[in-house]
Every structure is written in structure tokens, then in C-alpha cells.
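1. Provided below for reference: sequence and predicted model.
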Amino acid sequence: MTSLLPTEDETMLDDMARGFLSEAAPVTHLRAMRDAGKTFDPDLWAQMVEMGWAGVLIPEAAGGSGMGHAAAGILARAMGRTLASSPFIPTAVIAPVIFQAAHDPRHEETLRGIAEGKHVFALAVDEGPKHDPENTKLVATRAGNAFRLSGLKTFVRNGNAADRFLVLAKVDDQLTLFDVPSDREGIQRTEMALVDSQDTARVQFLDVELRDEDIVGEIGGAMAILRPALAAGQAALAAEMAGLASGIFDLTLGYLKERKQFGKVIGSFQALQHRAAKLWCEMEVTESAVIHAGRMLDESPEDATLAVSLASARAIRTAALAVQEGVQLHGGIGMTDEYDAGFYMKRAQVGAEWLGDYGFHAARVAALRGF
Amino acid sequence: MTDQGAQQTNEEFRTEARAWLEANCPTEMRDADNSEESVCWGGRNWSFQSDAQKVWLDRMASKGWTVPTWPVEFGGGGLTRDQEKILREEMASLGARVPLHGFGIGMLGPALLKFGTETQKQLYLPPIARGEIRWCQGYSEPGAGSDLASVQTKAETVGDNYVINGQKIWTSYADKADWMFALVRTDRDAPKHRGITFLLLDMTSPGVSTRPIRLISGRSPFCETFFDDVEVPRTQIVGEENRGWDVAKYVLTHERAMISGGRTGLTGGRPLASVLEGTSDPFLRAQAVGCDIDMMAMALTLERYKDKAKAGSIGDASSMLKYYGTELNKRRFELMMAAAGADALEWNGPYGSLPTDWLRTKANSIEGGTSEIMLSVIAKRVLEMPS
Ligand SMILES: Cc1cc2nc3c(=O)[nH]c(=O)nc-3n(C[C@H](O)[C@H](O)[C@H](O)COP(=O)(O)OP(=O)(O)OC[C@H]3O[C@@H](n4cnc5c(N)ncnc54)[C@H](O)[C@@H]3O)c2cc1C
């Protein structure tokens, strides 16, 4: 496998992404959106599309930039650092893997559309408080040549901005994936107002008609195409969480070097130095797992499950530690809405649930490692 | 000197290495047992535990694979970093034991390659590679532990020699080693970091004596070492007189990387899952999975840092490997002890050396710089936090 050190291209991509985001989407941008009651910034997304980010997993022949999973991780990581809001993971990571895994020329146009920024996708999989796709309950009932869908999907990230939903439902008790326009009659979405101020919807299906051509793959074939897509999404999310951790860490370290008490900079207190050093160690170890997951997805996707869950589990824990230490080491100011630390804490909490929590990933590791 | 490395593709090398290992690794050496009891340290005083252990050492040494990345001219294999990784992978898949351990390989060798004179390299490196000379590390003293730069063992110049007087402590295997690399004070008036010299000395020199100290594990791997008017030729300085601290620090970064990997069971050793077979305690299992996750991530981190080291120096970041690796290893052994329950409480009981090994791990976060010191090094040098 390729070394876990960044290649020259990867370093350039990272510098470019960070440079762009620190200008175009710093935490103040998220704050302004929240204060204005907005969860989607089409202009920001258009600029990301312009730079080839939407097509990061789409081959050049299909209109994408074909940079791969390691590169997607670099972009997600950079976005995590500044808490940039975008539909990147569902649209640029999960959806393209789904459509490519389905191996159907019908989807070429969709892929091209994603790369060109024509679509925002959202994944309508979860039904309860925990990510558990295999236990999906929603049923699509056969009705002549079509299907009728009634029920609820929740925690649909980017579900308000999305023009297409990827819906997981059962047909004849078999998990089946549908690609449905969000304006299909009978679909009602409501904003969930999550703690992290990101676009998240509860989607109600009221006797929605689904057609044969809405099925991605085949009836009962959902997991075969969803599994690699979820893995890709989880790896990108892990990268985002690792980036989030380094974002709050930098903020905290800066504060430790500046704030004075007892006539000294607080960063000179050994108790705080050791807490910062421990956190940095956790971040370094997590970083290796995150990079490794990207490399595995690029080089041997069939065997990447363990690597992805390893990265996810580590990133969830490290981000949680980073935000908790971050707030604590700031003292009172860390608790104020005016300061940015809280934004990191709230995003970390949401990221720790979406696409599988620590227990979900640890259970997968346990199974794969023979526990 | 030809670098065997460059002429072959990695896949060709893998095929060749696999075939060679298959043909040359004695069956008894294929038990992947890198436990303290089965380690080969070499040296004049070494008695091989079996013929196979000797055969394995000699064959690997003849390939230069006891020190795969050292230059061929100094007894190494001249392998590239990629090839070294492949060799380790192939050894692991065969279950082959590491043929030779030692402070010569992990600590002194790298320092000589960087700071030694041509003569010193030719004199000292090949016997390390062949397992003929075993080295010990004379750093710590009763008054100089974490505050290592305050070493007091003194070296006075008399003609072409130094005359050494003083005491070292915690010298691992001083009673078994042939030679020592030591820190001695050559200038009492200079600031403490500027009056230390890095010196090589023969343990059979008149005036050197050792006294073993017993550990909580029941083993006695380390000693007090006394110097009573010991004469050492001044040609045995590594680096410059009074500039030994630079060499000492360089050795420490290697020692830290070595302790974080080699001695922590991240590379080989009893897998956690197998130890848990006897228990259904869900709380223990959950902790073990968490530990396993962190161990896998740490193993990847060791690889990443080896690549970094090859591309440049990792410097003080080796403190991260040392801190994290050793704390993780202690956690792993706590879990193994808990899983085995009362069966693990008996010396050489059903779990063999587990209780001894468990106690030994407690030293991992002390030797080579304590965890607390590692965290301070990270805070000050890596994170640049103020004093
Ligand atoms: C098994 C084993 C093998 C060893 N082998 C060798 C060897 O071969 N050669 C050799 O030279 N040495 C060897 N050592 C010695 C080892 O390097 C020292 O024990 C170690 O550096 C700590 O020094 P000390 O024991 O004097 O503890 P001290 O320095 O007295 O430390 C006591 C406690 O205080 C803490 N502490 C000290 N200073 C600070 C500070 N500034 N901030 C916060 N906390 C602090 C320490 O972390 C520790 O918890 C070995 C030790 C062991 C246990």
C-alpha cells in the first residue's frame, strides 16, 4: 500500500483547500448563516463544484475530477477544520459511489450532473435515533407496475437543500434503494433544527409513488451498493471529524499561549501542557487511521471495512476529547455563544451519530477481528 | 559499496525474501514468539537457547538482515525502507522470530552511523550486526534520572586516556553486556548540557563492577554500575568532547521509537482476542475492543512515523510514539490480566510468563524517559508551549 505520508499532489490539494476555506468558509461564515437562519449556501457550494470537489470520486471520463478517496478525505478534513457547511459527503462521496456501484449506463447523466453541481443529494436511510440501515422498516408496497411509499425517514443530512433523495426501503421484505426527486408528490420535509445548525431534515412520505426506474440496482440489491457508499461516507466523515479536532485544538492551543492568570501565560502550567500534549497524541494516532482508510478505499476497497470503522471509531473519540478539552481549557469564555468553541462541540456531537456511532464501528471491528 | 536495494522492484524483493526465509528459517524459530524469554541478545556471554537460535542468527547476519537498513559495508543489508518493511511483513507471515535484539542495534548503531568516525564505524558496527558484542546504556545515575543532563560520573584527562570515577544505576543488562556507551562529565564548570561527553568503554576494563537489582517482576535485568579509576582511551569519544548531549539526545529519540514499537507487542505478541476466549464478561470485551482499535491505529502510526523518519527526522515527535505506545501496552496487559483472572496470578501458572510480563510493562513508561517527561517534551518542543 502507498505510504501514509501525503504525496506531493495531496499536499498541494490540502494547501489549496485550506487556503480557500479559510477565506470563503471560516467559522464566522457558519455563525452568520446560523444567525440568518440559513443552512445552505449555494454560492459556496458552487465554488466547491468549480474546483472539482463535487466530482472528486467521479472519473474524468464522466465529467469528474477523479481524485479518489484519499483526496476526498483531504477535502473533508479541511472542511472540518473550519466547520464549513456543504452537502459534500452525501452528494460528492456517497451518491457517486452508489451510482458507480450500480453499473448502469442510465446513471451516467446523474454522475455528470453531480460533477457539474446540478444536484444536491441526501441520504434517507435512518429511521430512529441510531444508524442501522440493515434494520430498515420502511416498506414500499407494490401497486401494479409501481410502488407506494408511506412512512418517515429522519436525520437526513442536507435533506432541505436536496433535489434528490436516496431512499432505503423494503420491497417484499428485501432492502431496495430508490433515487427519488425531492419534489415528487407526497414528499414532505421539515427542518430538524439540530444543535449544529446544519441542514438536516425529517422526511415524510405520504403515499408517494415510486417507479421501476427509480430503483438503483435491483430489488433486494440495496446493501450491495449502499455498503461501499456508506464506507466511503464514513471515511470522509472520519476525516472531517479529525479536521474538526485539529481546528478546535489550534484554537485552544492559541488561547493557552495568550491567556494570563497568576501573572503567567496559562500554557506554562504543566497540568495544561500535559493535557494539550495528550490530546495532540490522540490526534496524531487518529490521523494515521484516517489516512489509512482513504488509502484502502482507493487501493483495495473490498477489504476496506475494517480500516473505515477503525478510522471512524478513532475520529469520533478524538473529536469528542478535543471539543471537551477545548471548552474546559478556555474556561468561561468557552461556554459563550460569542466564542467559536461551542460550534465545534455541537458539530462533533452530530458527527458522532451520523452514519454510525462509536459502538456501531467498534462492533464491526470486533466482528472482523474475531472477538 | 553496492546498494542491493535500488536494482530490484519491491515485488521481486518480496519473492526473493520469502523464498530465502522459507529455506533458511529453522522450524523452531517460526513460533513468532518474541517474548522476553526467547529473545536473542548475542554478545560474548551469550549462551544460545538452542542450536536453531544460533543458526538463525548466523544466517540472518550473513544476509545483513539483523540490521536490514544499515549499509552493507558495516554488516547491514543495505535495504531500502520499503524493502525493510517487506522483509518484516514476510518474517511476520512466516512467524519468524526477530533473530537479534540489542541496544547496539536500536540505539548505539544509529548514533555511530550519524556521529561516529570511519574507524569507529568499522570497529563497532559489524560486531553488533553479527551479535558478537552486546552493549548497555550508561546514562542514569542516582541523582540524574529525568534530569539526565545533571550526570556527575566524572572523566578526567590523563595523557591519552580518561580516568572515570562514579556510579550509574538502572543499567539494563550491565552484568551481561560486553561494552557500554556512557555519559560522563568532562567539564564541571560549563552549563550542565555543555560539559557531557559520550564515551564507549569495555566492561572488562579494570575498575568496572556491577551489582544486579531485582525488579518487581522477579527478573533482574538491570544493575548498578560502579567506576573506580577506569581508564578509557580518548579515541573512544563519539562526537566531540563536551558535546555528548547531542549524541545522547539522538540516541534517546531512537530508544523512544524502539520502546514504543518493539517492546509493546504492537509488532507480534499475544493477540487480545485470543486471551478473551475464556471470558464472556461484556464489560471486559468492550474494553478489549477499544484497546484493539487503539493498538491498530498506533501500529499504523508507527509505520507512518517510520516513513517520516526516512523522509527527514521526526525529532521530538518520537516522544509521542513512546508515550502512546507504552501507555497502550500497559492497558493491554491490564486487560489480559483481568481476562485471565485468578489463573494469571500464579508465577509460571497456566498463563506462563504473563504475570512477569505484565509487571515488566510498568517499566515501559519509565525507561527511556517517563511518560510525564514525554508529555513535557511534546508540549514544549512540538507544541511550543511557554515555560
Ligand atoms: C526497566 C528499566 C530499565 C532501565 N534501563 C536503563 C538503562 O539501560 N540505562 C539507563 O541509563 N537508564 C535506564 N533506566 C532508567 C530510566 O531511564 C530512569 O528510571 C528514568 O529516566 C526516570 O528517572 P528516575 O528513575 O530517576 O525517576 P525520577 O526522575 O526521579 O522521576 C520520578 C517521578 O517524577 C516524575 N517527574 C520527574 N521530573 C518531572 C518533571 N519535570 N515534570 C513532571 N514529572 C516529573 C517522573 O515522571 C516520575 O513519575 C531504566 C529504567 C527502568 C525502569
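-> The structure has been received and is ready for your questions.
2. just the helices in the chain please.
-> Using chain A here. For chain A, applying DSSP state H gives helices covering A:8-24, A:27-35, A:42-50, A:69-82, A:95-101, A:108-115, A:222-256, A:270-299, A:305-330, A:341-351, A:358-368.
3. looking at chain B here, not the other one
-> Counting by DSSP H, residue ranges of the helices within chain B are B:10-24, B:51-63, B:81-94, B:103, B:109-115, B:118-129, B:244-261, B:272-275, B:282-311, B:318-340, B:354-361, B:371-377.
4. how about a markdown table for those helices, with mean pLDDT added?
-> Listed next are the helices of chain B as a markdown table, based on pLDDT from 0 to 100:
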| stretch | mean pLDDT |
| --- | --- |
| helix B:10-24 | 96 |
| helix B:51-63 | 97 |
| helix B:81-94 | 91 |
| helix B:103 | 94 |
| helix B:109-115 | 96 |
| helix B:118-129 | 98 |
| helix B:244-261 | 87 |
| helix B:272-275 | 73 |
| helix B:282-311 | 91 |
| helix B:318-340 | 93 |
| helix B:354-361 | 90 |
| helix B:371-377 | 97 |
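5. quick one, which of these is nearest to the ligand?
-> Comparison of those against the ligand by CB to the nearest ligand atom identifies helix B:371-377 as nearest, at 3.4 Å. For glycine as for every other residue, the C-beta is placed from the backbone atoms N, C-alpha and C.
6. okay, buried residues for that closest one please.
-> Within helix B:371-377, the residues that count as buried by 16 or more other CB atoms under 10 Å in any protein chain shown are B:371, B:373-377.
7. ditto for stretch A:355-371
-> Buried positions in stretch A:355-371, judged by neighbour count with 16+ other CB under 10 Å: A:355-358, A:360-366, A:369, A:371.
8. for chain B, tell me which of those residues show up nearby.
-> A:362-363, A:365-366, A:369, A:371 (CB under 8 Å from any CB of the partner chain).
9. just name the most buried of the helices of chain A.
-> Of all these, helix A:69-82 has the most neighbours on average by mean count of other CB atoms under 10 Å in any protein chain shown, namely a mean of 27.
10. starting at the chain centroid, how far to that helix?
-> Here helix A:69-82 is found 10 Å from its chain centre; the criterion is CA atoms, centre = their mean, to the nearest Å.
11. mind giving me the packing neighbours of it?
-> Helix A:69-82 sits against helix A:8-24, helix A:27-35, helix A:222-256, helix A:270-299, with contacts defined as 3 or more CB pairs under 8 Å, 6 or more residues apart in numbering or on different chains; DSSP states H and E.
12. so is the longest one next to chain B?
-> Meaning helix A:222-256. Yes - part of helix A:222-256 sits near chain B under the criterion CB under 8 Å from any CB, namely A:253, A:256.
13. quick one: that helix to helix A:358-368, angle?
-> Helix A:222-256 and helix A:358-368 meet at an angle of 120 degrees, taking axes from the mean of the first three to the mean of the last three CA atoms, to 10 degrees as the criterion.
14. show me which of the buried residues of helix B:371-377 is closest to chain A.
-> Comparing these against chain A with CB to the nearest CB places residue B:375 closest, at 4.1 Å.
15. what about the residue lying closest to residue B:325 once chain neighbours are set aside, how many residues nearby?
-> Residue nearest to residue B:325 in three dimensions, not counting chain neighbours: residue B:260, with 3.1 Å by CB to CB, 6 or more residues apart in numbering or on different chains. Other residues near residue B:260 number 29, with proximity taken as other CB atoms under 10 Å in any protein chain shown.
16. Provide a list of residues in contact with the closest residue to chain B within the stretch 101-250 of chain A.
-> Closest to chain B within the stretch 101-250 of chain A is residue A:249: 9.4 Å, counting by CB to the nearest CB. Residue A:249 is in contact with A:276, A:279-280, A:283, A:322, A:326, counting by CB atoms under 8 Å, 6 or more residues apart in numbering or on different chains.
17. redo that, cut-off 10 Å
-> By CB atoms under 10 Å, 6 or more residues apart in numbering or on different chains, the contact set of residue A:249 is A:81, A:276, A:279-280, A:282-283, A:318, A:321-323, A:325-326, A:344, B:383.
18. what is the nearest of these to the ligand?
-> Nearest member of the contacts of residue A:249 to the ligand, counting by CB to the nearest ligand atom, is residue A:276, at 14.6 Å.
19. which residues touch the closest one?
-> Counting by CB under 10 Å, 6+ apart, residue A:276 makes contact with A:249, A:252-253, A:256-257, A:267, A:325, A:329, B:375, B:378-379, B:382-383, B:385.
20. ok, which residues in the stretch 1-150 of chain B are in contact with the ligand?
-> Within the stretch 1-150 of chain B, the positions adjacent to the ligand are B:136-140, B:145-146 by CB under 6 Å from any ligand atom.
21. what average pLDDT does stretch A:322-340 get?
-> The predicted model gives stretch A:322-340 an average pLDDT of 97.
22. restrict the buried residues of helix B:371-377 to contacts with the ligand.
-> B:373, B:376.
23. the buried residues of helix B:371-377: which ones sit near chain A?
-> The subset of the buried residues of helix B:371-377 lying close to chain A, counting by CB under 10 Å from any CB of the partner chain, consists of B:371, B:374-377.
24. closest one of the buried residues of stretch A:355-371 to residue B:314?
-> Proximity of these to residue B:314 (CB to CB) peaks at residue A:365, which lies at 27.8 Å.
25. my guess is that closest one contacts residue B:285. True?
-> No - between residue A:365 and residue B:285 there is no contact under CB atoms under 10 Å: 11.9 Å.
26. which residues are in contact with both of these two?
-> Common neighbours of residue A:365 and residue B:285 (CB under 10 Å, 6+ apart) are residue A:371.
27. so who does residue 138 touch?
-> Using chain A. By CB under 10 Å, 6+ apart, residue A:138 lies in contact with A:124-125, A:127, A:149-153, A:167-170, A:175, A:205.
28. hm, I was asking about chain B
-> With CB under 10 Å, 6+ apart, residue B:138 has these contacts: B:151, B:153, B:164, B:166-171, B:174, B:177, B:180-184, B:199, B:201, B:203, B:208, B:225, B:227.
29. can I see the domain layout of the chain?
-> Defaulting to chain A. Split into domains by automatic domain parsing, chain A comes to A:8-115, A:121-221, A:223-368.
30. wrong one, chain B
-> Using automatic domain parsing, chain B is parsed into the domains B:4-101, B:135-243, B:262-382.
31. out of those domains, flag the one nearest residue A:53.
-> Taking CB to CB, domain B:262-382 is the member of the domains of chain B nearest to residue A:53, at 25.5 Å.
32. okay, buried residues for stretch B:276-285 please.
-> Quick answer for stretch B:276-285 (16+ other CB under 10 Å): B:276, B:284-285.
33. hmm, who's touching it?
-> By CB under 10 Å, 6+ apart, the residues outside stretch B:276-285 that reach it are A:366, A:370-371, B:272-273, B:275, B:287-289, B:292, B:335-336, B:338-341, B:343, B:350.
34. residue of chain A nearest chain B, please.
-> In chain A, the residue that lies nearest chain B is residue A:273 (3.5 Å; CB to the nearest CB).
35. pretty sure that residue contacts residue A:256?
-> Yes - contact status for residue A:273 versus residue A:256: in contact at 8.2 Å, counting by CB under 10 Å.
36. list residues touching both of the two?
-> Listed as contacting both residue A:273 and residue A:256 by CB under 10 Å, 6+ apart are A:266-267, B:379, B:383, B:385-386.
37. excluding chain neighbours, what is closest to residue B:212?
-> Nearest one to residue B:212, counting by CB to CB, 6+ apart, is residue B:220 at 4.6 Å.
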